[in-house]
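S.K.: Fold the following and give me the result.
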Amino acid sequence: MQKRVLVAMSGGVDSSVAALLLQRQGYEVAGATFELFDGCSEDNTGDARRVCERLGIPHFVFDYRERFSKGVLDYFIHGYQNGETPNPCIACNKTIKFGAFSEDAERLGFDFISTGHYAGVRFDRQSGQFWLLRSQQERKDQSYVLYHLSQEQLSRLLLPIDRYSKAEVREIAAQAGLPVFSKSDSQDICFVPDGDYAGFITRYTGEIPQEGDYLDDNGTVIGRHKGVLYYTIGQRRGLGIALGVKRTVSHLDPVSNTVTLSDDSAVYTDRLFADDLRMTDDSTPERPFPCTAKIRYAHRPASATVHPLGNGSVQVQFAQPQRAVTKGQAVVFYEGDRVLGGATIR
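M.R.: Residues are numbered from 1 along each chain as shown. Purely as a prediction, here's the structure:
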């Protein structure tokens with residue numbers, strides 16, 4: 001009997017080729033597209049439907065707007081309002097792709113789900129565990145946003161495009177006559193396509209960011225900022241203030257509505273604290289363990305030791321100071337190419 005797989009199809013080339021490759025591998029494939037928020041592009045749903053028609057497979061549309069609003073939009077807005085820099089893609093993966101979507105796939109009788117992520121899943125016979133792996137395509141690696149996956153989730157996940165470069169993925173799509181073979185990649189957060197996070201939050205909440213004071217390291221007022229929402233730790237450009245020397249955002253205080261500017265050296269630290277620890281082997285570490293760690297999506301992994309503190313909290317001690325450790329981002333732990341897990345920086 002054919003194994004059945006439901007592919008999360010965004011209307012882009014990666015997920016479209018994922019469906020194609022799985023079909024060629026002998027799976028019984030269907031596609032699914034998500035309605036996530038009002039104003040979500042209908043073109044994406046239409047593109048996914050046309051790909052499914054080309055492949056001769058069923059296409060589902062799931063309405064996840066309520067769950068997306070509560071689990072992603074509210075999380076994103078609350079984080080920025082509290083001086084953090086949240087990662088909505090991780091929240092979406094937790095809440096939607098590996099939450100609601102996985103549940104619906106199981107309800108409909110599918111054995112697996114699949115996405116167009118660039119990462120790998122492999123069963124390790126020696127440990128008897130499924131391993132989440134860094135992508136073979138180093139520049140496209142998306143393992144960082146999948147660190148929270150459990151053994152059960154990894155056992156039901158197929159990631160078929162990871163062996164191919166982006167150029168090869170497009171060539172496969174073109175040769176198969178998929179109508180999205182030349183479609184541009186999305187570059188920004190799906191619900192903030194123009195990259196203006198503060199503008200989105202203002203429109204969504206109806207609350208206008210309030211101007212406040214820029215402070216120096218001594219707490220002296222040195223100017224005015226346009227609202228805490230507009231800034232993130234480590235930011236050096238777009239500050240709108242001339243001080244005669246370069247300054248970097250080193251601290252955000254939404255309670256007092258102040259932004260502290262410092263020399264860039266002030267945003268380097270060799271440790272951080274994080275909570276909501278998730279390990280891909282489902283373990284609860286009790287002893288320190290070595291790893292390399294990433295503190296943001298584009299960060300180069302750095303040597304570190306993770307010290308469990310209990311109740312899902314950890315202290316991460318780096319061998320060398322790291323720049324702009326930012327509350328709300330994830331710190332993700334690696335052992336070689338294997339993703340060990342991660343936590344949310346606090």
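S.K.: Name the residues that touch stretch 339-346?
M.R.: 119, 131-134, 143-144, 146-148, 272-281, 289, 291, 295, 312-314, 325-334 (Cβ atoms under 8 Å, 6 or more residues apart in numbering). No exception for glycine: its C-beta is placed from N, CA and C like everyone else's.
S.K.: Quick one: buried ones out of the residues you listed?
M.R.: 119, 131-134, 143-144, 146-148, 272-274, 277-281, 289, 291, 295, 314, 325-334 (16 or more other Cβ atoms under 10 Å).
S.K.: buried sites along stretch 64-76?
M.R.: 64, 67-68, 71-73, 75-76.
S.K.: Show me the contacts of stretch 339-346 that map onto strands.
M.R.: Among these, DSSP state E puts 131-133, 272-279, 289, 291, 313-314, 330-334 in strands.
S.K.: Can you give me the distance of the closest residue to Gln129 other than its chain neighbours to Phe130?
M.R.: Excluding its sequence neighbours, the residue lying closest to Gln129 (Cβ to Cβ, 6 or more residues apart in numbering) is Asp281, at 5.4 Å. Remark: distance between Asp281 and Phe130 (Cβ to Cβ, to the nearest Å) = 9 Å.
S.K.: Please enumerate the shared neighbours of these two.
M.R.: Counting by Cβ under 8 Å, 6+ apart, the common neighbours of Asp281 and Phe130 are Gln151.
S.K.: tell me the contacts of the residue nearest to Gln129?
M.R.: Contacts of Asp281 by Cβ under 8 Å, 6+ apart are 127, 129, 151, 340-341.
S.K.: In a markdown table, list those residues along with neighbour count.
M.R.: Below are these laid out as a markdown table (neighbours: other Cβ atoms under 10 Å):
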| residue | neighbour count |
| --- | --- |
| Ser127 | 9 |
| Gln129 | 18 |
| Gln151 | 17 |
| Leu340 | 23 |
| Gly341 | 23 |
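S.K.: Point out the ones among those residues that are inside strands.
M.R.: 129, 340-341.
S.K.: for those, which one is nearest Ser155?
M.R.: Gln129 (9.4 Å; Cβ to Cβ).
S.K.: still on that earlier bit, how about the ones in strands among the contacts of Asp281 in JSON lines, adding pLDDT and distance to Val7?
M.R.: Below are the ones in strands among the contacts of Asp281 laid out as JSON lines (pLDDT from 0 to 100; distance: Cβ to Cβ, whole Å):
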{"residue": "Gln129", "pLDDT": "98", "distance to Val7": "25"}
{"residue": "Leu340", "pLDDT": "98", "distance to Val7": "27"}
{"residue": "Gly341", "pLDDT": "98", "distance to Val7": "26"}
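S.K.: need the contact list for the residue lying closest to Asp216 once chain neighbours are set aside.
M.R.: Among residues not flanking Asp216 along the chain, Ile222 sits closest, at 5.1 Å (Cβ to Cβ, 6+ apart). Ile222 is in contact with 214-216, 241, 243, 261, counting by Cβ under 8 Å, 6+ apart.
S.K.: Now pLDDT too, for those residues, in TSV please.
M.R.: Shown next, in TSV, are the contacts of Ile222 (pLDDT from 0 to 100):
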residue	pLDDT
Tyr214	98
Leu215	98
Asp216	98
Ile241	95
Leu243	93
Leu261	98
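S.K.: Which of those fall within strands?
M.R.: Per DSSP E, those map to strands at 214-215, 261.
S.K.: CA-only coordinates of the longest helix along the chain, as CSV, when you get a sec.
M.R.: Identified as the longest helix of the chain according to DSSP state H is helix 42-55. What follows is helix 42-55 as a C-alpha-only set of coordinates in CSV (Å, rounded to 0.1, in the frame of the first residue of the first chain):
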residue,chain,number,x,y,z
GLU,A,42,-4.7,34.7,-3.2
ASP,A,43,-2.1,34.3,-5.8
ASN,A,44,-0.2,31.9,-3.6
THR,A,45,-3.3,29.7,-3.2
GLY,A,46,-3.9,29.9,-6.9
ASP,A,47,-0.3,29.0,-7.8
ALA,A,48,-0.4,26.0,-5.4
ARG,A,49,-3.7,24.9,-7.0
ARG,A,50,-2.3,25.1,-10.5
VAL,A,51,0.8,23.1,-9.5
CYS,A,52,-1.5,20.4,-8.0
GLU,A,53,-3.6,20.3,-11.1
ARG,A,54,-0.4,19.9,-13.2
LEU,A,55,0.7,17.0,-10.9
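S.K.: For it, buried residues please.
M.R.: Here helix 42-55 shows 44-45, 47-52, 54-55 as buried, counting by 16+ other Cβ under 10 Å.
S.K.: Closest to Gln23 out of these?
M.R.: Nearest member of the buried residues of helix 42-55 to Gln23, counting by Cβ to Cβ, is Leu55, at 6.0 Å.
S.K.: Quick check: that closest one vs Phe110, distance?
M.R.: From Leu55 to Phe110 the distance is 16 Å (Cβ to Cβ).
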